[in-house]
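1. Dropping a prediction and its sequence here:
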Amino acid sequence: MNTFFSIIMPLYNCEGTLQRALDSINNQAFKTYELILIDGGSNDNTQFIISNFKKTGNCHIQFSSEPDGGIYDAMNKGIDMATGQWLYFMGGDDILSSPAILDQIYNAIQNEPVHLIYGNVTGAISNTKYAYDTINKALSHGIHHQSIFYKREVFNYTGKYNLKFRVAADYHLTLKIFCNRAFKTRYIDLDIARFGEAGLSSTVYDYRFYSYHYKFLSVNKALDKIADRTTLLQQSIYCCLWLVKEKQNMTFAWANIFYYITGAEALGISFRFKTFLRMVYWSLKPKP
């Protein structure tokens, strides 16, 4: 039988948590999977742990270690290496919730063919459970990638992760799937994983992506699925202002803000004018 799941793990200096993550994979009852480990050139014991696991693990393992451009660059490398029909991404500080997860996902896919299937995740530190069980939640807030399984072929249409989005490239890619009517998605009320909350996405905000968030949904005709469009629009406008204030991605921020102040129905004339002036002010004002 061909490889069904490819589990892709971008790694960098995660010696303190990696063994538990690997054990949660190795203990899976479902065995038709491969493990793809993409190390960014760790200088701790990460590679030593991997070397030992390769001797004892009961699955096919692909391993690469070289400097990379960050987590999404590593994930893109993993996509290129993957041979499985379905792809799943987890970090070195994540663990699968139970030994039955892969079996349960496999059975769910057999019962109802889909291109993306996702469940729930829980923060390992906060113990907060995230269940994006409505389309509004998925489009408004995004879905933790540790809860998602992607059919391999969707990457042929969506492309890989956009490296211009430092933290939210996974959210951006998932939105492209949700907003494409050719793809079928499914939520399943199943606890997939506990995710480490010390990663970049938990500590850094992706202003570039969120300045574009509302525009993306508007262009893809998905705003009618959003419960609170006003807040979403305000968030995107704020991110545009923040970017020009910090002198980051200014051309991108201006392209987004022009879209908002010339077309968003929720904006009054006075607010449009004031927003434009604020963009000009922060664009001209030197960064402190």
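-> Arrived safely, thanks for sending.
2. check contacts around residue 11.
-> Listed by CB atoms under 8 Å, 6 or more residues apart in numbering, the contact set of residue 11 reads 18, 37-40, 42, 46, 50, 74, 91-92. Where you see a C-beta, it was placed from the backbone N, CA and C, and this is true even at glycine.
3. Name the nearest of those relative to residue 195.
-> Closest to residue 195 out of those is residue 91 (7.3 Å), distances taken as CB to CB.
4. Need the pLDDT of residue 146.
-> Residue 146 is assigned 94 on the pLDDT scale.
5. Does it touch residue 93 like I think?
-> No - using CB atoms under 8 Å, residue 146 is not in contact with residue 93; the gap is 10.2 Å.
6. Identify the contacts common to the two.
-> Joint contacts of residue 146 and residue 93 (CB under 8 Å, 6+ apart) are residue 195.
7. neighbour-wise, which of those two wins?
-> residue 146 (25 against 20; other CB atoms under 10 Å).
8. one step back: which ones among the contacts of residue 11 are found in helices?
-> 18, 46, 50, 74 (DSSP state H).
9. can you list the residues you listed in CSV and add neighbour count?
-> Shown next, in CSV, are those (neighbours: other CB atoms under 10 Å):
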residue, neighbour count
18, 26
46, 23
50, 23
74, 25
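10. now, which of the residues you listed sits nearest residue 245?
-> Nearest member of the ones in helices among the contacts of residue 11 to residue 245, counting by CB to CB, is residue 74, at 30.9 Å.
11. now residue 77: how far from residue 249?
-> Counting by CB to CB, to the nearest Å, the gap from residue 77 to residue 249 is 25 Å.
12. quick one: strands adjacent to the one helix or strand residue 117 maps to?
-> Using DSSP states H and E, residue 117 maps to strand 116-123. Strand pairing for strand 116-123, determined by DSSP bridges: strand 129-130 (antiparallel), strand 148-151 (antiparallel), strand 185-195 (parallel).
13. Give me the buried stretch members for it, please.
-> Neighbour counts over strand 116-123 (16 or more other CB atoms under 10 Å) mark 116-122 as buried.
14. ok, of those residues, which one's closest to residue 107?
-> residue 117 (11.0 Å).
15. Isn't the closest one up against residue 110?
-> No - contact between residue 117 and residue 110 fails when scored by CB under 8 Å: they sit 11.1 Å apart.
16. remind me which residues of the protein are low pLDDT?
-> Confidence mapping of the chain against pLDDT under 70 gives the ranges 1, 199-203.
17. distance of the nearest residue to residue 275 once chain neighbours are set aside from residue 276?
-> Residue nearest to residue 275 in three dimensions, not counting chain neighbours: residue 261, with 5.6 Å by CB to CB, 6 or more residues apart in numbering. For residue 261, the distance to residue 276 (CB to CB) stands at 6 Å.
18. What of residue 9?
-> 45 Å.
19. the more surrounded of those two?
-> In this view residue 9 and residue 276 are compared by other CB under 10 Å, and residue 9 has more residues nearby, 25 against 14.
20. Now that one. Its backbone dihedrals?
-> Backbone geometry at residue 9, expressed as degrees, to the nearest 10, gives phi -120, psi 110.
21. where exactly do the helices run in the stretch 151-288 of the chain?
-> Assigned by DSSP state H, counting those that start in this stretch, the stretch 151-288 of the chain shows helices spanning 155-158, 169-178, 200-203, 207-219, 229-245, 250-263, 269-284.
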